[in-house]
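J.: could you look at this predicted model? Sequence included:
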Amino acid sequence: DLLHAEIDAANIKIALGKFDEAVSVLKNVAKQVDKDSEMRALVFISMAKALANQEKVGDTKRCLEIACDILEKKEFATADKVAEMYIEVSSLYEMVNEFEKAISLLKRSLGMLERIPQAQHLEGNVAARIGWLLLLTGKVTEAVPYLEDAVERMKDSFGPKHYGVGYVYNNLGAAYMEMDRPQSAAQMFALAKEVMDVSLGHHHSDTIEACQSLAKAYDAMGRYSFTNALQ
């Protein structure tokens with residue numbers, strides 16, 4: 001419990017921007033925990049977070065590699081915890097622009113979550129994140145199935161008007177535009193706008209952006225009357 005408290009204290013220091021102090025605390029904790037324990041993985045994940053915020057890319061990656069080596073050995077014993085820790089590790093790989101590694105860990109996490117009934121609420125978020133990263137890295141056709149899957153999972157878990165569903169519809173619209181399918185894109189942007197109108201409000205910046213994207217999709221289809229009506 002004391003060591004967990006020290007990790008929590010280090011994470012608070014990270015949140016406050018006291019990165020060197022946090023690393024110092026975490027190095028001390030690392031000396032006191034078992035080599036292959038989940039707690040040691042937590043230590044190195046937190047250390048990576050501090051180092052990533054200092055833009056120390058090489059040191060960040062080394063910490064994440066140590067954490068992943070430990071987590072791989074724990075996948076079957078504590079799958080739910082490891083899956084969630086993989087999600088956090090993937091976000092840190094994103095911070096240092098290691099998108100392929102982030103995607104790989106998220107796919108691994110999703111495969112684990114699908115075997116855990118009580119973790120269904122996380123599946124949609126993870127699928128959406130994979131889809132977004134694939135879209136970001138130009139793998140559009142690979143992104144679409146993940147985004148379509150994410151929409152259905154998130155609607156089941158959170159309801160059809162949850163703001164997260166709106167964001168996934170928006171990303172699907174962007175994917176279809178990249179694929180030169182403006183009609184499909186318009187359908188997705190319209191759904192995104194409908195969800196965001198309810199969940200975020202008409203004047204929210206993301207709702208306005210969805211409306212602008214819808215106008216661009218109609219413009220690409222040559223339906224200028226719809227475009228003018230939306231502006």
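T.: Noted; the coordinates are in hand.
J.: I'd say Leu110 and Arg129 touch.
T.: No - between Leu110 and Arg129 there is no contact under Cβ atoms under 8 Å: 9.2 Å. Placement of C-beta: from N, CA and C, glycine included.
J.: dihedrals phi and psi, Ser37?
T.: The phi/psi pair for Ser37 (degrees, to the nearest 10) reads phi -90, psi 150.
J.: and for the one 10 residues further on?
T.: Recorded main-chain torsions at Met47 are phi -60, psi -40, according to degrees, to the nearest 10.
J.: again, but for Leu16
T.: Per degrees, to the nearest 10, the backbone of Leu16 is at phi -90, psi 0.
J.: and if you look at Asp36?
T.: Dihedral angles of Asp36 (phi, psi; degrees, to the nearest 10) stand at phi -110, psi 30.
J.: for it, give me its contacts.
T.: By Cβ atoms under 8 Å, 6 or more residues apart in numbering, the contact set of Asp36 is Ile70, Lys73.
J.: could you redo the last one with a cut-off of 10 Å?
T.: Contacts for Asp36 were tallied using Cβ atoms under 10 Å, 6 or more residues apart in numbering; they are Asp69, Ile70, Lys73, Lys74.
J.: so how do I select the buried members of those residues in PyMOL?
T.: A single PyMOL command selects the buried members of these (16 or more other Cβ atoms under 10 Å):
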select buried, resi 70+74
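J.: now flag whichever of the contacts of Asp36 is closest to Lys101.
T.: Asp69 (13.5 Å; Cβ to Cβ).
J.: quick one: contacts for that closest one?
T.: Asp36, Ala41, Phe44.
J.: can you count the residues close to the last one?
T.: Neighbouring residues of Phe44 were enumerated by other Cβ atoms under 10 Å; the total is 23.
J.: with just CA atoms, put the helix or strand containing it into PDB.
T.: Assigned by DSSP states H and E, Phe44 belongs to helix 38-53. The C-alpha atoms that make up helix 38-53 are tabulated as PDB, following Å, rounded to 0.1, in the frame of the first residue of the first chain:
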ATOM      1  CA  GLU A  38       2.600  -5.500 -12.200                       C
ATOM      2  CA  MET A  39       3.700  -2.800  -9.800                       C
ATOM      3  CA  ARG A  40       7.000  -2.500 -11.500                       C
ATOM      4  CA  ALA A  41       5.200  -2.200 -14.800                       C
ATOM      5  CA  LEU A  42       3.200   0.600 -13.300                       C
ATOM      6  CA  VAL A  43       6.300   2.300 -12.100                       C
ATOM      7  CA  PHE A  44       7.800   2.300 -15.600                       C
ATOM      8  CA  ILE A  45       4.600   3.400 -17.200                       C
ATOM      9  CA  SER A  46       4.500   6.400 -14.900                       C
ATOM     10  CA  MET A  47       8.200   7.100 -15.500                       C
ATOM     11  CA  ALA A  48       7.600   7.000 -19.200                       C
ATOM     12  CA  LYS A  49       4.800   9.500 -18.800                       C
ATOM     13  CA  ALA A  50       7.100  11.900 -17.000                       C
ATOM     14  CA  LEU A  51       9.900  11.500 -19.600                       C
ATOM     15  CA  ALA A  52       7.500  11.800 -22.500                       C
ATOM     16  CA  ASN A  53       6.400  15.200 -21.100                       C
END
